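Novice: Turn this into a model:
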Amino acid sequence: MAIDKAKAEEALLRITLEKLATDGLEGIKARDLANEASISVGTIYNIFGDLDHLIMRANCQTYDDLADKARAELHIAQRNSNDVLDQLYCLTEVYIRFIEEHNNRWMSVLNFNRSHGKGLPKWYTSKQYLVFAIIEQSLLGLEGIRS
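Specialist: The predicted structure follows:
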């Protein structure tokens, strides 16, 4: 029976995000992921190459989730006020709420990044910069700050 690679990939990402949310990085074990996704361990490695790649993909989703929340809240804040400081306070509140609501996922991102140092691929680090770019756009409204 052939495995639908796209469905397996989607299931593995979903399961990995769930495990990160409940157990952090310590909860990511290939055999457990494979059992939950009803696939072989080898399929995980065929799709992602290694567990680090799978974790990075899940962490990218965490970055995307934070960026989406920040953009949505910032849009509301900008409609309510042109004050850059109000917008920065808004972004700070979004970040704090996100960490409170997704603490294990966020700690997994931080711990993974810390343990891998500067050896992370560009496609992954560009997701980090996506979040910083949202802050940068608000900072550009402060007098005297230019990129």
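Novice: rest of the way, CA atoms for contacts and neighbours
Specialist: Noted.
Novice: What are the buried residues along the longest helix anywhere in the chain?
Specialist: Longest helix in the chain by number of residues (criterion: DSSP state H): helix 51-80. Neighbour-count burial for helix 51-80, counted by 16 or more other C-alpha atoms under 10 Å, picks out 54-64, 66-67, 69-71, 73-74, 77.
Novice: what do you get for stretch 109-121?
Specialist: 109, 112-113.
Novice: Turn those into TSV, columns for secondary structure.
Specialist: TSV is the format used below for the buried residues of stretch 109-121 (DSSP: H, G, I helix; E, B strand; the rest coil):
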residue	secondary structure
Val109	helix
Phe112	helix
Asn113	helix
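Novice: Is it possible to get TSV of these that adds pLDDT and distance to Asp50?
Specialist: Below are the buried residues of stretch 109-121 laid out as TSV (pLDDT from 0 to 100; distance: C-alpha to C-alpha, whole Å):
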residue	pLDDT	distance to Asp50
Val109	96	17
Phe112	96	14
Asn113	95	16
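Novice: Spatially central residue for the protein, please.
Specialist: Thr62 (2.1 Å; C-alpha atoms, centre = their mean).
Novice: how close does that one get to Arg31?
Specialist: Computed with C-alpha to C-alpha, to the nearest Å, the distance linking Thr62 and Arg31 is 23 Å.
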